[in-house]
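[1] Return a 3D structure for these sequence lines:
(one chain, ligands or ions: 1)
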Amino acid sequence: MIPPGSTIGILGGGQLGRMLAIAAASMGYRVHSYAPDDEIPGGDVSAEVTRAAYDDFAALDAFAASVDVVTYEFENIDVAAVEHVAGIVPVRPGAAALRVSQDRVTEKEFVTKLGGRPAPFRAVGSLADLAVALAELGAPALLKTRRFGYDGKGQARIETAADAEPAWASIGERPAVLEGLVRFDAEFSVLLARGLDGATRVYATPRNEHANGVLSCSIVPAGDPVKAQAPEAIALARRVADALDYVGLLTLEFFATRDGPVFNEMAPRVHNSGHWTIEGARVSQFENHIRAVCGLPLGDPSLTAPAVRLDNLLGDAVHDWQSILADPHAHLHLYGKSEVKPGRKMGHVTRL
Ligand code: AMP
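    Residues are numbered from 1 along each chain as shown. Below is the predicted model:
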């Protein structure tokens, strides 16, 4: 157990780190954020910040020596670096969760073994592999890099065989996975917190809408058809969390299809589709993640209102903050990022 007053190290310095740090501070913890970026939104609200590369082992050593426990808010950190830190100080969730979720093929195979059903897929290592995979799965299909993809980055849609070569080039000719295009009625995510003692708490399952591969809004309760499919998805998330002896907030994303829930991907961290829990749940995903990694009892994830809606402020939408505040029920969250880029997550709004 890591008591209040201790220092929590967070690898990654984006908005997730920022909201984790705020939750940690409100419970009396100090936060030390570690990230390589010029601008570190999580650093603005941390007691200490290290700006260094994720493979700078001297900086990682100093960071590990200064904290009591480490967590991460970004999953594309080299597992070797995280294992190195774990040799010095507890890292929660552990490196195993990171290893599984960093690679789309490993992740799908892992979840399949636990009874989950991903979209039909083939691992692709070359243009020749892609031709074979396309012949087997048929078009339309999506080509995604195995690693380092997020928010629709590193993805290309293939409509016909003629698209294969440009798609392969557009993802940088890197190890990839080809996925059959899923026809879904809705998308949803399971947000599950698992404590050091193995106890779990599950949030209401949000229905998620994406634009250009980026989350645009999340709504609870999700309604049909998500409502009927959530129990099966939650059961899978529990099996994943137990298999990894997971500690913290775990997210699994699904497509609700005619044939039931199809697994899309998992994230070993707090998730954008759970930002509404700050006001919309009795204890937020951020607080429950902090509680879990510190070995504290988990808090009540139940809703504080009959319905909750989260809207992301992407790119220029951040300039609407004044009109958003004209609605006295809107909870505005801005991440303090100075550069506005199209599609960049600048903030969000929650309405109960
Ligand atoms: P991902 O980064 O894999 O979560 O993909 C981002 C978004 O692209 C998803 O939330 C879906 O809206 C869409 N998408 C990804 N994979 C598929 C698929 N196999 N079939 C249909 N839509 C997909």
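[2] And stretch 38-49, end to end?
    With Cα to Cα, to the nearest Å as the measure, stretch 38-49 spans 12 Å from end to end.
[3] For it, what does the pLDDT average out to?
    Per-residue pLDDT values over stretch 38-49 give a mean of 97.
[4] Pull the distance from that stretch to the chain's centre.
    Relative to the mean C-alpha coordinate of its chain, stretch 38-49 is positioned 20 Å out (Cα atoms, centre = their mean, to the nearest Å).
[5] tell me which residues in it are buried?
    40-43, 45-46, 49 (16 or more other Cβ atoms under 10 Å). To be clear about C-beta, it is placed using only N, CA and C from the backbone, and glycine gets the same treatment.
[6] Quick check: next helix or strand after the helix or strand harbouring residue 109?
    Using DSSP states H and E, residue 109 sits in helix 104-113. Counting by DSSP H and E, the next helix or strand C-terminal to helix 104-113 is strand 121-124.
[7] C-alpha coordinates for the strand or helix carrying residue 192, CSV please?
    Here residue 192 is covered by strand 186-194, with elements defined by DSSP H and E. Output of strand 186-194 as CSV, limited to C-alpha atoms (Å, rounded to 0.1, in the frame of the first residue of the first chain):
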residue,chain,number,x,y,z
ALA,A,186,-22.7,1.0,-32.4
GLU,A,187,-19.3,1.2,-30.8
PHE,A,188,-18.8,0.9,-27.0
SER,A,189,-16.1,0.5,-24.4
VAL,A,190,-15.8,-1.3,-21.1
LEU,A,191,-14.0,0.6,-18.3
LEU,A,192,-13.0,-1.7,-15.5
ALA,A,193,-10.9,-0.9,-12.5
ARG,A,194,-9.1,-3.7,-10.7
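[8] related to what we said a few turns ago, does the ligand sit close to the helix holding residue 109?
    No. Applying Cβ under 6 Å from any ligand atom, one finds helix 104-113 separated from the ligand by no less than 7.6 Å.
[9] Output the contacting helices and strands for that helix.
    If you count contacts as 3 or more Cβ pairs under 8 Å, 6 or more residues apart in numbering; DSSP states H and E, helix 104-113 packs onto helix 95-102, strand 121-124, strand 176-180, helix 226-243, strand 260-267.
[10] anything in the strand holding residue 192 near the ligand?
    Yes. Looking at strand 186-194 against the ligand by Cβ under 6 Å from any ligand atom, the contacts come from residue 187.
[11] Show me what that strand is packed up against.
    With contacts taken as 3+ Cβ pairs under 8 Å, 6+ apart, strand 186-194 sits against strand 200-202, strand 207-211, helix 226-243, strand 248-257, helix 285-293.
[12] what's next to the second one, contact-wise?
    What that stands for is strand 207-211. With contact meaning Cβ atoms under 8 Å, 6 or more residues apart in numbering, strand 207-211 is reached by 152, 186-189, 215-220, 222-223, 226, 253, 273, 314.
[13] Now a PyMOL select for only the buried ones of those residues.
    Only the buried entries of these go into this PyMOL selection, using 16+ other Cβ under 10 Å:
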select buried, resi 186+187+188+189+215+217+218+219+220+222+226+253+273+314
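[14] which of the residues in stretch 208-215 are buried?
    Along stretch 208-215, these residues count as buried under the neighbour rule (16+ other Cβ under 10 Å): 208, 214-215.
[15] would JSON lines of the residues you listed with pLDDT and distance to residue 11 be doable?
    Output for these, formatted as JSON lines (pLDDT from 0 to 100; distance: Cβ to Cβ, whole Å):
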{"residue": "208", "pLDDT": "98", "distance to residue 11": "25"}
{"residue": "214", "pLDDT": "93", "distance to residue 11": "23"}
{"residue": "215", "pLDDT": "97", "distance to residue 11": "22"}
